[in-house]
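>>> after the sequence you'll find the predicted model.
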2 protein chains.
Amino acid sequence: MDAAEFRKRGKEMVDYIADYLEKIDKRQVFPDVEPGYLRPLIPDCAPQDPESFEDVFKDIEKIIMPGVTHWHSPYFFAYFPAASSFPALLADMLCGGIGCVGFSWAASPACTELETVMLDWLGKMINLPEEFLAGKHSQGGGVIQGSASEATLISLLAARTKTIRRVQSEKPELTEADIMGRLVAYASDQAHSSVERAALIGGVKIKNVCSDDTFSVCGSALQKVLDEDKASGLIPFFFCATLGTTPCCSFDKLLELGPICNKENIWMHIDAAYAGSAFICPEFRHLLNGVEFADSFNFNPHKWLLVNFDCSAMWVKKRSDLTGAFKLEPLYLQHHHQESGLVTDYRHWQIPLGRRFRSLKLWFVLRMYGVTGLQEHIRKHVRLSHQFEHLVLQDERFETCAEVVLGLVCFRLKGSNELNKALLKSITEAKKIHLVPCHLREKFVLRFAICSRTVESTHIKFAWQHISQLATDLLKTWEQKHHQQ
Amino acid sequence: MDAAEFRKRGKEMVDYIADYLEKIDKRQVFPDVEPGYLRPLIPDCAPQDPESFEDVFKDIEKIIMPGVTHWHSPYFFAYFPAASSFPALLADMLCGGIGCVGFSWAASPACTELETVMLDWLGKMINLPEEFLAGKHSQGGGVIQGSASEATLISLLAARTKTIRRVQSEKPELTEADIMGRLVAYASDQAHSSVERAALIGGVKIKNVCSDDTFSVCGSALQKVLDEDKASGLIPFFFCATLGTTPCCSFDKLLELGPICNKENIWMHIDAAYAGSAFICPEFRHLLNGVEFADSFNFNPHKWLLVNFDCSAMWVKKRSDLTGAFKLEPLYLQHHHQESGLVTDYRHWQIPLGRRFRSLKLWFVLRMYGVTGLQEHIRKHVRLSHQFEHLVLQDERFETCAEVVLGLVCFRLKGSNELNKALLKSITEAKKIHLVPCHLREKFVLRFAICSRTVESTHIKFAWQHISQLATDLLKTWEQKHHQQ
């Protein structure tokens, strides 16, 4: 395919994408296929000779679409949102066209410099303390990671290196292996599984800190476990606070936890993967109070800020903590400017070496929506979640299970976990809407997350009527079964 | 921006990208900007109100392009190639449009299943042993990682877990920390810095194995260091072999190394990030002989197989080795089908949780080029590197520094490292072509990598005439300086 054909086919693809997104509500949100559906539909091996674009293109509807879960359908209420917007799609096209790999400043200066400035823009939008911004003479700054998992891992590894060095300077008799064996990381019992995974990767222990009855970690719970662990010879070194937990969007109490971490020489990382986008609205910014105590902070514009995956924004107060943990400089990656202290080589800030020009997506979205446009998007989602909450609370068969702060409603039928599993099963099988469950303590709970950019009040009403009807049908047969038993 | 405007702007962007790539040879390959150039060109913070697409669009040429290193220019000979092709760009547009996040089978079945089958296609193209393919009843299979660094890290971590479990079952008196403290990984002294980094992340020791005078690791070199380390109580657990090293594209001797690793219970990972694409040509497949001894194998279609970044293909013989190392199953990520054993949840195979629909790029590229089209691409690059080698060897002022096997030529002026640094400096400052250096033992060497999809014989001739002229100019002043001293 040459440039001339790309002009033609690219325009056809633009129309296909526009059609797909305009009419996505007409597609069944969750696919009908069974595991293994795809393999029999395509050849066993790659073709020897080129096929035409037409041949490939017609297979999109025939082979791919029947197996797609439509994350941008207004009937998709599962997980958390995956952001998508037209400005971000345009920027990603440009990113692909330029096709540079920005592992160092010299590998493409624009790629590095736009990222630094965009992270400053974004940091200012959520009123992040100035220490986290790159500015002109700061020790801090931001970087785009691929996912919150990587941000958590990178901060845990930086904390590990920093702590090992500190302990070794205090107690030179200890080997690195001795110290590693005593290090402990902490996170809420509500924290995302990626925190436990980061500790597994880093080869250190991790312990859950009990959350309170609002599913938040408070200072006394952390202090208690720290005191116990220190008394038994362990070395606490890392705490991952969560703002907006995945099960129910609860918030750890930063203002209590931060001072403890600072006093105890513990790196505090804040994972606000989903909730962070909301902090661009002044009325939600208070949820971030206490960030001034943190060493690193992360949220995902690719979740709720209309920037397509992947774009996970991470800031640190001292960038030398990250680069100090991993800096390796083979000659083919060195360049003339790097000694100047003015340049950033982002490969020292992340796990992979290569990186796409992802800041273009932020630049396009922030400019073409403006802060007010993005605030409207957040506020619409929060309004819709309260609408759904209100509908749940009006029906006395149901209960909500956690405070609705942002765009997530946790709810269930009053009754057994089995009953609620049966309700979820009937929702999943009907495939009119899509949602996923969670556990809150011993309770099996349904999560209703406002996801799509184009979801409106009518979709919420439809979803509720549908759930309510399925509940009615279920309760009828459930009671019959119960009577028979 | 609504769908109607996206149709218009998307088409403009398609034309912009086509224009950019068609006329990229007219742009200076390496930018003129100094560190910090971008910040003064744009506002201090994001706009409150939306800006128009036109405003953003005109800033691409004004602000971004002056700072771009043009990786797809036919005058770009630095690092290794970054793949780019029109079919891959089209597929990436579709990937963005669908915008699903495929961390589990249920999160988008097509995303997972196409990936599994595409990795089978690709594995068959390089004649990978059947154990590495997913097929229907195999224990192995492939996955798309973001980068070779992640593939190396993931395999090192899987090996770490496997070894810790084995040693603990043999010697229950050892703690995990004891074992961790004794584990040693190995790689060639020519291996990529990401291998050392993987060991740093995993918290284990790593040692260089000396390469021979062809910059390859042979069996005896590995056996020697293993014997020494075992004698001193260490536990060798991981060897990363490299096919196509970054400095000079040398090849470790798999047929000698593999049996040693198998005998010693050492996980052998093969990093063929750049060279792997060449194995689709029968005449280069012999370089992969010995892969049958490996536990995991990786190469980057995003380097040399016309699939835009990121697409790093990794295969393992036993997928349970990967998933066994990290499997964590919170309820919101569980789904009905996962107990069936038929489905793959790729989040257990990688560091991040989220993932894009990257297999679309492979599908489009493999079908629209066909195996023969891709073979032609590889063969053209190899032909051009031999053309350059020939030009170097005809000029007796120059020498080549390693065998030219694929698309990389390592060369230098006969003479001091200072002389060659001066030559590189004059090349870099002239900005007619772009290349980067490396060290081979004590020698400072220039790397000439065939990179662009559109590079032709004329560009090679131009590059050589340019280098040759700069060398002539340099040698004149160099000798004068030498005389004066």
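Received, thanks.
>>> what about A:Ala241, helix or strand, and which?
Using DSSP states H and E, A:Ala241 sits within strand A:235-242.
>>> and for A:Phe411?
Here A:Phe411 is assigned to strand A:408-413, by DSSP H and E.
>>> again, but for A:Gly324
Counting by DSSP H and E, A:Gly324 is found in helix A:319-326.
>>> show the average pLDDT along that helix.
The average of the pLDDT scores along helix A:319-326 is 83.
>>> which of the residues in that helix are buried?
Neighbour counts using 16 or more other CB atoms under 10 Å in any protein chain shown place A:319, A:321-323, A:325-326 of helix A:319-326 among the buried residues. Just so you know, the C-beta spots here come from the backbone N, C-alpha and C atoms, and that holds for glycine as well.
>>> quick one: that helix to chain centroid distance?
23 Å (CA atoms, centre = their mean, to the nearest Å).
>>> and what of stretch A:14-21?
The answer for stretch A:14-21 is 26 Å, by CA atoms, centre = their mean.
>>> same question, stretch A:352-362
Using CA atoms, centre = their mean, the offset of stretch A:352-362 from its chain centre is 17 Å.
>>> send me stretch A:263-273 as PDB with only the CA atoms.
C-alpha atoms of stretch A:263-273 as PDB (Å, rounded to 0.1, in the frame of the first residue of the first chain):
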ATOM      1  CA  LYS A 263       7.600  10.500  60.100                       C
ATOM      2  CA  GLU A 264       8.400   6.800  59.500                       C
ATOM      3  CA  ASN A 265      10.500   7.300  56.400                       C
ATOM      4  CA  ILE A 266       7.900   5.500  54.300                       C
ATOM      5  CA  TRP A 267       7.400   6.400  50.600                       C
ATOM      6  CA  MET A 268       3.800   7.300  50.100                       C
ATOM      7  CA  HIS A 269       2.500   6.700  46.700                       C
ATOM      8  CA  ILE A 270      -1.100   7.700  45.800                       C
ATOM      9  CA  ASP A 271      -3.000   5.600  43.300                       C
ATOM     10  CA  ALA A 272      -6.000   7.700  42.100                       C
ATOM     11  CA  ALA A 273      -6.300   5.800  38.800                       C
END
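>>> measure A:Arg160 to chain B for me?
Distance, A:Arg160 to chain B, using CB to the nearest CB, to the nearest Å: 8 Å.
>>> ok, now how distant is the nearest residue to A:Gly290 once chain neighbours are set aside from A:Ile467?
Once flanking residues are discounted, A:Gly290 sits nearest to A:Leu254: 2.6 Å by CB to CB, 6 or more residues apart in numbering or on different chains. Per CB to CB, to the nearest Å, A:Leu254 is found 35 Å from A:Ile467.
>>> how about the residues of the stretch 351-485 of chain A by chain B?
With CB under 8 Å from any CB of the partner chain as the criterion, the stretch 351-485 of chain A meets chain B at residues A:351-354, A:356, A:360, A:363-364, A:366-373, A:428, A:436-439, A:444, A:447.
>>> from the residues you listed, which ones fall inside strands?
A:436-439, A:444, A:447 (DSSP state E).
>>> most surrounded residue in these?
A:Arg447 (26 neighbours; other CB atoms under 10 Å in any protein chain shown).
>>> per-residue confidence at that one?
Looking at A:Arg447, the pLDDT reads 98.
>>> give me the nearest residue to it, chain neighbours excluded.
Closest to A:Arg447 by CB to CB, 6+ apart is A:Cys438, at 5.3 Å.
>>> the residue nearest to A:Phe6 when sequence neighbours are not counted - how many residues pack around it?
In space, and not counting its chain neighbours, A:Phe6 is closest to B:Phe86: 4.0 Å by CB to CB, 6+ apart. For B:Phe86, the count of nearby residues is 26 (other CB under 10 Å).
>>> might one say that B:Phe86 is in contact with A:Ala4?
No - contact criterion CB atoms under 8 Å: B:Phe86 and A:Ala4 do not qualify, at 10.0 Å.
>>> so A:Glu399, which state does it fall into?
When classified by DSSP: H, G, I helix; E, B strand; the rest coil, A:Glu399 comes out as strand.
>>> so what sits opposite it in the bridge?
Beta-bridge partners recorded for A:Glu399 (DSSP bridges): A:Arg412.
>>> surely it meets A:Gly415?
No - counting by CB under 8 Å, A:Gly415 is not a contact partner of A:Glu399; they are 9.5 Å apart.
>>> and the helix or strand of chain A with the lowest mean pLDDT, C-alpha only, in PDB?
Lowest on mean pLDDT, DSSP states H and E among the helices and strands of chain A sits helix A:319-326, with a mean of 83. In PDB, the C-alpha atoms belonging to helix A:319-326 read as follows (Å, rounded to 0.1, in the frame of the first residue of the first chain):
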ATOM      1  CA  ARG A 319      12.800  12.700  39.900                       C
ATOM      2  CA  SER A 320      16.300  11.600  41.000                       C
ATOM      3  CA  ASP A 321      14.500   9.000  43.100                       C
ATOM      4  CA  LEU A 322      13.300   7.300  39.900                       C
ATOM      5  CA  THR A 323      16.300   7.800  37.800                       C
ATOM      6  CA  GLY A 324      18.600   6.900  40.600                       C
ATOM      7  CA  ALA A 325      17.000   3.500  40.900                       C
ATOM      8  CA  PHE A 326      17.700   2.300  37.300                       C
END
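>>> now check it, is it near chain B?
Yes - against chain B, helix A:319-326 shows contacts by CB under 8 Å from any CB at A:325-326.
>>> packing partners of that helix?
helix A:148-170, helix B:193-202 (3 or more CB pairs under 8 Å, 6 or more residues apart in numbering or on different chains; DSSP states H and E).
>>> what's the closest residue to chain B within the stretch 351-485 of chain A in contact with, if anything?
Nearest residue of the stretch 351-485 of chain A to chain B: A:Pro352, at 3.7 Å (CB to the nearest CB). Contacts for A:Pro352 (CB atoms under 8 Å, 6 or more residues apart in numbering or on different chains) come out as A:146, B:146-147, B:149-150, B:310.
>>> again, 10 Å this time
Shown in contact with A:Pro352 (CB atoms under 10 Å, 6 or more residues apart in numbering or on different chains): A:103, A:145-146, A:150, B:145-151, B:153, B:194, B:310, B:312, B:351-352.
>>> what stretches of chain A score poorly on pLDDT?
A:327-334, A:336-342, A:483-485 (pLDDT under 70).
>>> which of the residues in the strand holding A:Phe411 are buried?
Buried residues in strand A:408-413 (16+ other CB under 10 Å): A:408-413.
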